[in-house]
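Participant: this one's structure only:
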């Protein structure tokens, strides 16, 4: 599944039009504890979190993730979006809950880690 | 063994906004040196954790990167406050992080265990009122 396909599936807004939406997503994950994500993150991952500050992008970038998904219509902070563009991490904002996002991704074949 | 590279990064206490910048620079530097992806990932995790520990827990410190032909070494040295019970601090799930840090998603009590798990060698020395030094190495061969 590509970032573009994932975006359509979860009805998300593209908050970083500059990043590559053709990038393949390797797996999905959801967690709001950054240290936990550092321990379990993976390259190409799509990570669902309600955290919106700069460190989310630092973690996603260090793990070489494909995308960060912010659920329930929560907005990511401006400086975090700037950082995401710099680092080439796609940020998607979805109106759905984290539960629903994961359910749709899983139903369409995206594996957990 | 002679160092190919040595760089130091000051890390400010409480600077959550810039936290992770040293780790990102270190990762980029190692990638340019051609360090393989698996080692790079382990260094990145440990480096980010130790940098965040300096931000969350210390009164400020320095992160030093050393590279020689056989290994990557990271040294974190702070100016206090020191850890009273290292065994307790090393326990997964135990954290003394502030409410502010927890709100941001830190303080899961995974920092030191994550470092130990990812480093080839891990050493922590701490004295209350003096400071903490963590030395981690990552074998390249």
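Facilitator: Good, I have the coordinates. A quick note: this is a predicted structure, and the numbers were derived from the prediction, not measured.

Participant: how many neighbours does residue A:29 have?
Facilitator: Neighbourhood size, residue A:29 [other C-beta atoms under 10 Å in any protein chain shown]: 20. In this view, the C-beta of every residue, glycine as well, is placed from N, C-alpha and C.

Participant: pretty sure it is touching residue A:37, no?
Facilitator: Yes - counting by C-beta atoms under 8 Å, residue A:37 is a contact partner of residue A:29 at 7.2 Å.

Participant: where do the contact lists of these two overlap?
Facilitator: Common contact partners of residue A:29 and residue A:37 (C-beta atoms under 8 Å, 6 or more residues apart in numbering or on different chains): residue A:47.

Participant: Is chain A within reach of the worst-scoring helix or strand of chain B on mean pLDDT?
Facilitator: One helix or strand of chain B scores below all others by mean pLDDT, DSSP states H and E: helix B:99-103, with a mean of 93. No - Helix B:99-103 stays clear of chain A (C-beta under 8 Å from any C-beta of the partner chain), getting no nearer than 9.1 Å.

Participant: Flag every buried residue along that helix.
Facilitator: residue B:101 (16 or more other C-beta atoms under 10 Å in any protein chain shown).

Participant: tell me what the next helix or strand after it is packed against?
Facilitator: Counting by DSSP states H and E, the element after helix B:99-103 in chain order, helix or strand, is helix B:111-118. Under the contact definition 3 or more C-beta pairs under 8 Å, 6 or more residues apart in numbering or on different chains; DSSP states H and E, helix B:111-118 sits against helix A:34-40, helix B:37-57, strand B:121-127, strand B:131-139.

Participant: change it to 10 Å
Facilitator: helix A:34-40, helix B:37-57, helix B:86-89, strand B:121-127, strand B:131-139 (3 or more C-beta pairs under 10 Å, 6 or more residues apart in numbering or on different chains; DSSP states H and E).

Participant: list the contacts for the residue in chain B that chain A sits nearest to?
Facilitator: Minimum separation of chain B from chain A (C-beta to the nearest C-beta) falls at residue B:20, amounting to 2.9 Å. By C-beta atoms under 10 Å, 6 or more residues apart in numbering or on different chains, residue B:20 lies in contact with A:34, A:54-59, A:61-62, A:83, B:27, B:47-48, B:51-52, B:55.
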